[in-house]
Every structure is written in structure tokens, then in C-alpha cells.
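A.B. asks: Pasting the sequence and the predicted coordinates here, then a few questions.
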Number of protein chains: 2
Amino acid sequence: MAGGSGERFWPLSRQKRPKQLLKLTSPDKTMLDEAIERIAPLIAPEHIFIVTSHVLQSAIRESLAGNGSYNIPPENIIAEPLKRNTAPCIALGAAFVAERYAPLLPSEISIAVLTADHFIEKPDVFRASVDAALNHAEQSGSLVTFGVTPTRPATGYGYIEVAGKQNGLKPLLVKGFREKPNAETAQDFIERGNFFWNSGMFFWRADAVITGLQDHLPEVGVRITDLREALAGATTTAYDGAPPRTIDTFEHLPDISIDYGLMERAKNVACVCVDFGWDDVGSWDALERVYEADAAGNINVGDSVLLDAKNCIVLNSAGSQSVSVAAIGVENLVIVATPDGILVCPKDRVQDVRKAVSALRERDNGKFV
Amino acid sequence: MAGGSGERFWPLSRQKRPKQLLKLTSPDKTMLDEAIERIAPLIAPEHIFIVTSHVLQSAIRESLAGNGSYNIPPENIIAEPLKRNTAPCIALGAAFVAERYAPLLPSEISIAVLTADHFIEKPDVFRASVDAALNHAEQSGSLVTFGVTPTRPATGYGYIEVAGKQNGLKPLLVKGFREKPNAETAQDFIERGNFFWNSGMFFWRADAVITGLQDHLPEVGVRITDLREALAGATTTAYDGAPPRTIDTFEHLPDISIDYGLMERAKNVACVCVDFGWDDVGSWDALERVYEADAAGNINVGDSVLLDAKNCIVLNSAGSQSVSVAAIGVENLVIVATPDGILVCPKDRVQDVRKAVSALRERDNGKFV
């Protein structure tokens, strides 16, 4: 899944350059590059599919073309015709895969639904975890999800409550999904020990997710056959935009997440508890968890001059040979400089970057957003 | 006098674009432009001379050529051959003027020594003050200085103690010059009422300043004849750099200010107390005294997006159509963005901008400074 719009990383992110296309967690690779390279040893490039929005399809194709270390066929980049939530996205992906791999039966196809814009510290542990989750999904027909062992009482993530204790990669029964908690509840989750972060990654056979949607989210489930037929009628090589008939179908799909629409309602849900150093990189302050700070607590990407600065995140995307950034005596600030946009914001206000983007959109007719 | 190097206005100021060449206190005029236009109704352009450093001579000529509203002859831009303090600068100016206006005698020539990089709120009051000071200098043969009525207990300015009470533009006897005081002393000066800010502007007949330097600062005074001869031998039209013989002379001159070398030592010193809204614009925080803040206390030059920002100074020199600047939830910050340099600094640390410039110079071999 690579459809996110990533307004929270302005000024580095723009409408056609969202988080997954940024070199945010690596100096020379986009997050999407990293996501593909991470899974490539396990899944050959021709079996990797990228579901994105129609406005990003060509940007993603161009971005991938610039990276020669793997080779995703351009027709593997699937466009959602309209902006919807993860349930329609996953339904489209399942329909696409079922159609692509026919005459294999859906029960013979297993799918790993992965994210394109998350940070994962230990790719080898990640691959072992994916392998375990896929195996369980294939053998049991369950809907399998990752539960990330929490390292702090985060309030920015949803939680999964499991039955029993974490025991390596052994799948556990899911007792329930919990929305983002307040600080007190998050602390309680951590202390109870059987609550894990919901990373938004899923593993299932095609028949399991299709049947699950038909049973629990029929508004989406009944349209999967339509989607397959629409995709079957489309040329499968290098089209731009979504096949026209998928647009008609998508218009009828609700704006609902897979967590809410399927996972919370289904009974055959299992969780593989994982420890591969995960972060969803949801806003600028996440760079603290990705990069190592210097002795003064600063993250300095792009060689800025920091005098008496403490606990700051300073990113100069143009590099110090084009633009010189100097910060003096500042604390807990996020400073991001690009050739045409500059952000200055305390760390505890990074959630409001979206508001600044809205204000800029209004002022400049979208020129800088 | 337009020789300042203005490191404190990085990233807007650079080595060849110091404060006097910046549009800092006006959207469309450099400070030098403003200084010339301010005095032009009183002194015709052909009688205005600009003393600057040899590294700035051509930059100043180009800057003035771009402004068609007055016409300073290029040969009126005089280069100091070496970086010295104000006493050598003023000696060079006096020698130049004495030579230029010969066969007039030095006693027949009066000089207003003005600054090129100060903010003056009320140009008409300024001109009346200059007129009064020049008249007194011509009639009395005194060394006349401006004493600016202080509006706050500033610790960043030198003070002049006068005998008697301010009475319009009536010249008062100077009792002494005081260096920049600490906060307590500055408060005491304000309460006593007969202390005025030293603006660094002076008025005298050419014979008075030459005799004064010969009597009180002979290291400089004895070289004035050499300077005249060196200047007499030079072509007076559009040369670049300083006449070679002035270099030899300048090498022997001490690095000393006119305040310390002459004004504090001479007896015939008078002060005209003035009220024309003066600020030396010594660092970024001075913009608060030049521009009117919005309701949240922000100075916003260049149309940045400010969300919950308070008491900030934000300057985007490229303009919002080229670069978008957004500041969220910040207080008391100075943010300056230029196409190749960005500064973020609390207001109370603006004095340390020079340190950042030094660090940048070291890192980049002077590329951005």
C-alpha cells in the first residue's frame, strides 16, 4: 500500500511527493525503495504489487525507474481510481491478484499486505516475521496481523489485545482491536503486557480476505467480482490511471478502514507478535526514533551549523553546499529547509504542520503544497 | 561613512553586501539609498562623498547606479585602502575634501560626517538637526556631535554626558563620552536626564578636525598632509581601489575610533541634542523598532504563514512566491530565509549571529558569508 498523501512532512512532502517517495529514513533511498528492498529477498519483484492513488501512479513509476537494484514491472503499479480508505484499497488489491494469478484459485494465493512508508530497523527479523505470518495464513485460512511489541506507551497508535503471552513468532488469538488510547490507557496497556501496536500489515489467503469482506463488510465484499471483471477487461501493461470500470465500482465503496471494516468484526483473526524495530514515521518528530542524536540531542541531517542548539531536528534537504542553515540557541525545534519551503515548529506542534499546509494551500492556490 | 561589514545580518548580509547595501528598513531602498535621499534636500549630490572599504567600492557604485532618483558622481566614492577604524576613515575624508575643494581653505569647508546604515524615523527633523549642527560648527569652530535623546536604558550604545538641559537644537557643552554601560548604569543615565546616545555623526570645519587630530591624535594627524598629497596625485574619475600612495600611509595609521582618539580628548566639543527617531540597526532584533508588529507581536516581512507564533521576527527575502515559510507555535524567534542561507535564533541571541558566520566561514571557506 503506497497511497498516503503525507501532508505532515511538508515542506519535504508535496501532493505528488508524499512520504513514501521521500528519502526520509535513509540518505539515498525513498521509503518505498526501502520497503521493496526489504521484502525482495522473500518475494520476487514480479510478485510485488504496489497499490497507490491515481495521482501518484506516474510519480511512483518514475521513482522506481530511478532505482536499478530491483525491477518491479510497471504494470504491477495499481491505481485506486478515487481516494478511499484501506478496505477498498485492499479489496482492489485482492481482486487484482486473484485475476492476475488465475487460473490459480483464490485459496491457492496468499497475500502479504505491507506498508510502503514505515521505518523498520531490522529487515532480517522483519522477513522472518512475514514468513511466519504468511505460513500461518496459508495453513489456517486465518486473517493474520502483526502486533508490534510496544516500547513506550504511545498514544499515536492503535493497539491489538491478544490472548496469551508473546512466544517468539507463534500466532496468538486476537481478543480485540483498540483505537488510539489516551496516555493513561496506553500506560495500562503497556503494564498489562498483552497489548501490541497495530502496524497496519496483514497476511491472508485471497479467499480468506474476499470471504471475510463478503461476510463482514458486504458494501465492499459484493463489489469484488465487479472489480475483477473491470480489471480483466483492462490492458495490463503500463496503463496510466485506473481502468475506467473500476472508477464506477469505487464510487460505490465506503470510506472505511480494513481494521474497522473487517479485522474488528471477523472471528478468525490471529496476531504474530513482532520485534523488528518499527515506527510508522507519522510526523517530523519520528526522525528522533530513526536517527541517532548527537551529544546535545540534535538530529542534524544536511550539515547545518548548530550553536548551543539542544534536542532539535534540523533537516536541510538541499545540502550545505547549496543552502546554509544556522540555528543558534534553540531547543526542541524542528527546522526543515527545502529549496522552496521552510518549516520552523516546536517538536510538540508537529501535528499542526497540516494546518500550515492548509493555510498555504489557501494562500497560494496549492503552489507549495 | 559606508564601510561596515555587517556580519550581524547574515544570511541577508554577505561580505560584499553589508548592512548599508540591504533593503532592511524599507521594502525598496537600501539603507545607503535612504541615507542619501534623506540628506539630498540639504546637500546637493555632487557634494556628497561616500567613504567605504576598497572591497565594497564597486558594489556601492553598482548599487547607486541602480537608483535613478539622485546622482552621486562615481568619483565621490572613496575607498579606504585597508580596514581601519573611524579615525583613519575620517582623516581620509577630511584630506579628500580639503584637496577636492582647494583653493578654498580648510576653514572655509564644513563637513557633516553621517552614517549610511542607521534608521531615522523623521527625515525632516534630521535635516533640521544637521543644519543646526553645521551652523554651530561653522560659526564656533567646535567639534559638534549629535546626542540622541534616549528612549530606553539601552546598553548597546555609547552615551554623551552634557552640561545643562536639552533645549531644542541649542548646542550644549559636552562633559564626557561614556562607553556602552551595563543595565544599572544605563538606568542611572536615563534618570539623570543629561545623558544622550552617541550616534556616531559629527559636524566640523575641515580645519577644526585636522587641527584636532594633529593635537590629540598625532599618529593620525601628522599623516593628513601625506593623504592629501597621495589623493592629489590620483586621477579623480572612476578609479577602482584606493590611490596606491594612500595604502602606504594607511599602513601607518592606528586602528582607533574618532570617539576615543579625538572627541574624548578635545575640549571644544559641543552636542546638539536630537529627537528624530534614531536606531543604529545593530542586529536583527532592531527590526522591532523599525517595523510595526501585528497583534501577536510578530514582524512578518515577506508574507510567511505564522500559526500561533508570538513576538517573532520573520523575514523571507525571496518573497512568498518563490519560497514558502511556515512557522508554527514559536515565540521570540528570529527567522530569516534567503535563497541560500537560513537563520533561526531567539531574539536574545542575535548578537551571536557573528559566531555562526565564523563557523560557516570555517566550514565552507567563506562560500556563504
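C.D. replies: All right, it came through fine.

A.B. asks: Helices of chain A, start to end?
C.D. replies: A:31-39, A:57-65, A:86-101, A:123-140, A:183-192, A:206-216, A:218-221, A:224-233, A:244-251, A:258, A:287-290, A:353-364 (DSSP state H).

A.B. asks: What is the shortest one packed up against?
C.D. replies: Meaning helix A:258. helix A:86-101 (3 or more CB pairs under 8 Å, 6 or more residues apart in numbering or on different chains; DSSP states H and E). For the C-beta atoms, the positions are set from N, CA and C on the backbone; glycine is no exception.

A.B. asks: what residues go with each domain of chain A?
C.D. replies: As given by automatic domain parsing, the domain ranges for chain A are A:7-279, A:287-364.

A.B. asks: out of those domains, nearest to B:Thr338?
C.D. replies: Shortest separation from B:Thr338 across these is recorded for domain A:287-364, at 8.8 Å, computed as CB to CB.

A.B. asks: Pick out the shakiest of the helices of chain A, pLDDT-wise.
C.D. replies: Ranked by mean pLDDT, the helices of chain A end with helix A:244-251 at the bottom, a mean of 81.

A.B. asks: orientation of it relative to helix A:86-101 in degrees?
C.D. replies: Using axes from the mean of the first three to the mean of the last three CA atoms, to 10 degrees, the inter-axis angle of helix A:244-251 relative to helix A:86-101 is 150 degrees.

A.B. asks: any residues touching the next helix or strand after helix A:244-251, and which ones?
C.D. replies: Sequence-wise, the next helix or strand downstream of helix A:244-251 (DSSP states H and E) is helix A:258. Helix A:258 has contacts (CB atoms under 8 Å, 6 or more residues apart in numbering or on different chains) with A:Asn85, A:Thr86, A:Ala87, A:Cys89, A:Ile90, A:Val113, A:Phe202.

A.B. asks: What is the nearest of those to chain B?
C.D. replies: The nearest member of the contacts of helix A:258 to chain B, counting by CB to the nearest CB, is A:Asn85 at 27.5 Å.

A.B. asks: circling back to that earlier point, adding mean neighbour count, write the domains of chain A out as JSON lines.
C.D. replies: Below are these laid out as JSON lines (neighbours: other CB atoms under 10 Å in any protein chain shown):
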{"stretch": "domain A:7-279", "mean neighbour count": "19"}
{"stretch": "domain A:287-364", "mean neighbour count": "19"}
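
A.B. asks: Is it possible to get a markdown table of those domains that adds distance to B:Val55?
C.D. replies: Formatted as a markdown table, the domains of chain A follow (distance: least, CB to CB, whole Å):
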| stretch | distance to B:Val55 |
| --- | --- |
| domain A:7-279 | 36 |
| domain A:287-364 | 21 |
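
A.B. asks: Of the ones you listed, which is nearest B:Val174?
C.D. replies: Across those, closest to B:Val174 is domain A:287-364 (CB to CB), at 38.2 Å.

A.B. asks: chain center to that closest one, what's the gap?
C.D. replies: 23 Å (CA atoms, centre = their mean, to the nearest Å).

A.B. asks: and if you look at stretch A:144-157?
C.D. replies: Worked out by CA atoms, centre = their mean, stretch A:144-157 lies 14 Å from the chain centre.

A.B. asks: is it true that A:Ala266 touches A:His216?
C.D. replies: Yes. Using CB atoms under 8 Å, A:Ala266 is in contact with A:His216, at 5.6 Å.

A.B. asks: tell me, what's touching the two both at once?
C.D. replies: If you check A:Ala266 and A:His216 against CB under 8 Å, 6+ apart, no residue is contacted by both.

A.B. asks: Contacts only, for the nearest residue to A:Ile43 once chain neighbours are set aside.
C.D. replies: Nearest residue to A:Ile43, sequence neighbours excluded (CB to CB, 6 or more residues apart in numbering or on different chains): A:Ala112, at 7.2 Å. Listed by CB under 8 Å, 6+ apart, the contact set of A:Ala112 reads A:Ile39, A:Ile43, A:Val130, A:Ala133, A:Leu134, A:Met201, A:Phe202, A:Phe203.

A.B. asks: Repeat the analysis, applying 10 Å as the threshold.
C.D. replies: A:Ala112 makes contact with A:39, A:42-43, A:47-48, A:130-131, A:133-134, A:137, A:144, A:201-204, according to CB atoms under 10 Å, 6 or more residues apart in numbering or on different chains.

A.B. asks: what do you get for A:Tyr70?
C.D. replies: So A:Tyr70 contacts A:Asp33, A:Ile36, A:Glu37, A:Ile39, A:Ala40, A:Ala44, A:Pro45, A:Ile48, A:Leu64 (CB under 10 Å, 6+ apart).

A.B. asks: where's A:Ile313 relative to chain B, distance?
C.D. replies: Taking CB to the nearest CB, to the nearest Å as the measure, A:Ile313 and chain B are separated by 12 Å.

A.B. asks: Tell me if I'm right that that residue and A:Asn298 touch.
C.D. replies: Yes. Taking contacts as CB atoms under 10 Å, A:Ile313 lies within contact range of A:Asn298: 7.5 Å.

A.B. asks: Lovely, talk soon.
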